[in-house]
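# Test case, fold it:
(2 chains)
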Amino acid sequence: LAKTTQPISMDSYEGQEVNITCSHNNIATNDYITWYQQFPSQGPRFIIQGYKTKVTNEVASLFIPADRKSSTLSLPRVSLSDTAVYYCLVGENDYKLSFGAGTTVTVRA
Amino acid sequence: SAVISQKPSRDICQRGTSLTIQCQVDSQVTMMFWYRQQPGQSLTLIATANQGSEATYESGFVIDKFPISRPNLTFSTLTVSNMSPEDSSIYLCSVGGGALRGTDTQYFGPGTRLTVL
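Residues are numbered from 1 along each chain as shown, chains lettered A, B, ... in the order given. Now for the predicted structure:
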């Protein structure tokens, strides 16, 4: 499984855009990039998944450059409720997930 | 999507005892997974439980310590045996994960917070 590296923590304020970059230099051809969100005392929740270029849903956008060695999760106009740990995962299937350390995002008023 | 419940939500146990955690899903699923999340840490996959077959354990986890049952397509149990304080963690079950990437994702239960004294 490709190893991922992401910042340990990020601070932001309400209404700002938060961008979390994940490095995955050893990503394989068949690997997809998936982001999960985990609130305290809850299990992780799927946010977004992509293979290349840009993917957008109602929660976030995922930007993947052509070489796919990194990806950036973009959370638009964050609110206090977006305070959570965000995990970047890389793999060729949706089972046997390998979670890294994650990025703790703290949104302040 | 899938709705997953776990029982108990939390428990405090004495060392040397065992605890069985239940995971119930609101729909039939093929693959169920058990994870452990130690305090302040990320999630680690313990095992994969498919109905009708023995669970597959990840490196560092053994059946004698974490026996798993999967009697049907909506239910599974994980037992933490002969507990020690090092077993204090949150234990989560999840379902999903289609064979084809991009067609399914995993859905997680709320977790069981276990404290071993």
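# Could I get the full set of strands for chain B?
Along chain B, counting by DSSP state E, strands occupy B:4-7, B:10-13, B:19-25, B:31-37, B:43-50, B:56-57, B:68-72, B:75-80, B:89-96, B:106-108, B:112-116.
# residues making contact with the shortest one?
The set of residues that contact strand B:56-57 without belonging to it, under CB atoms under 8 Å, 6 or more residues apart in numbering or on different chains, is B:I46, B:A47, B:T48, B:N50, B:I63, B:F66. In this view, the C-beta of every residue, glycine as well, is placed from N, C-alpha and C.
# Which strands border that strand, and is each parallel or antiparallel?
strand B:43-50 (antiparallel) (DSSP bridges).
# residues making contact with the strand it pairs with?
Contacts of strand B:43-50 (CB under 8 Å, 6+ apart): A:44, A:95-99, B:30-38, B:55-58, B:61, B:66, B:68-70, B:76, B:78, B:91-92.
# hey, what's residue 50 bridged with?
Using chain A here. Bridge pairing for A:G50 - DSSP bridges - gives A:I33.
# wrong one, chain B
If you apply DSSP bridges, the partners that B:N50 bridges to are B:M31.
# That one: how many residues sit nearby?
By the criterion of other CB atoms under 10 Å in any protein chain shown, B:N50 has 16 neighbours.
# got it, and B:Y91?
22.
# same question, A:M10
A:M10 is flanked by 15 other residues according to other CB under 10 Å.
# Show me the shaky parts of the chain.
This is for chain A. Within chain A, the stretches with pLDDT under 70 are A:1-2, A:93-95.
# that's the wrong chain, I wanted chain B
B:97-104.
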